[in-house]
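Participant: I need the structure of the sequence given here:
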Amino acid sequence: MQLWKRWGFAGLALILAAGWSYREMAFARERAADLSPRTINLDQVEMAGFSDKGQAVGQNGVYLAGDTPASTKFVTGRFVLQPGKSPHAPHTHVEEEVMIIERGHGEIFCDGKTTKIGPGSVMYTTPNAPHGITNTGDEPIVFYYVKWASRK
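Facilitator: Numbers count the residues shown, from 1 in each chain. Modelled structure (predicted):
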């Protein structure tokens, strides 16, 4: 019986050590996927066609996407929105978001209010606040966006 207790304790210790090792390796792999500091120029961003409900509305290019030490679901990109189009209907998501208008004119719906926008306009939205953009002008709107969720 004494021998069984010793082997049982050793087996339990081995199982706990293996579990701890697995957890540490998973954590290390997860942290390895975090974004690293860098600078990206526009010519390095691959712009791809973007459609809504099967209809082309513009082009989207992602600079960075991943987790950071302080946030998760971090993404930043550039969108070229064709005249008369929206990337999608007003929507919500868990990330905070900032949009910065470089050129073009349109409207942004944000948390119940619609605002006319043009070059230099900025939108900020909190998590789960409805928002969307529409190009009401006769030239493309070019805007940059940054989204992130807290690691709280």
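Participant: list the contacts for F50?
Facilitator: By Cβ atoms under 8 Å, 6 or more residues apart in numbering, the contact set of F50 is 56-60, 79, 87. Just so you know, the C-beta spots here come from the backbone N, C-alpha and C atoms, and that holds for glycine as well.
Participant: can we see that at 7 Å?
Facilitator: 57-60, 87 (Cβ atoms under 7 Å, 6 or more residues apart in numbering).
Participant: which element is it on?
Facilitator: strand 47-52 (DSSP states H and E).
Participant: need the contacts of F50 in a markdown table with distance to S121 and pLDDT, can you?
Facilitator: Below are the contacts of F50 laid out as a markdown table (distance: Cβ to Cβ, whole Å; pLDDT from 0 to 100):
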| residue | distance to S121 | pLDDT |
| --- | --- | --- |
| V57 | 19 | 98 |
| G58 | 17 | 98 |
| Q59 | 20 | 98 |
| N60 | 19 | 98 |
| P87 | 16 | 97 |
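Participant: which of those residues are buried?
Facilitator: The neighbour count (16 or more other Cβ atoms under 10 Å) marks 57-60, 87 as buried among the contacts of F50.
Participant: any idea how far H131 is from G112?
Facilitator: G112 sits at a distance of 10 Å from H131 (criterion: Cβ to Cβ, to the nearest Å).
Participant: more neighbours: the two, which one.
Facilitator: H131 (20 against 9; other Cβ atoms under 10 Å).
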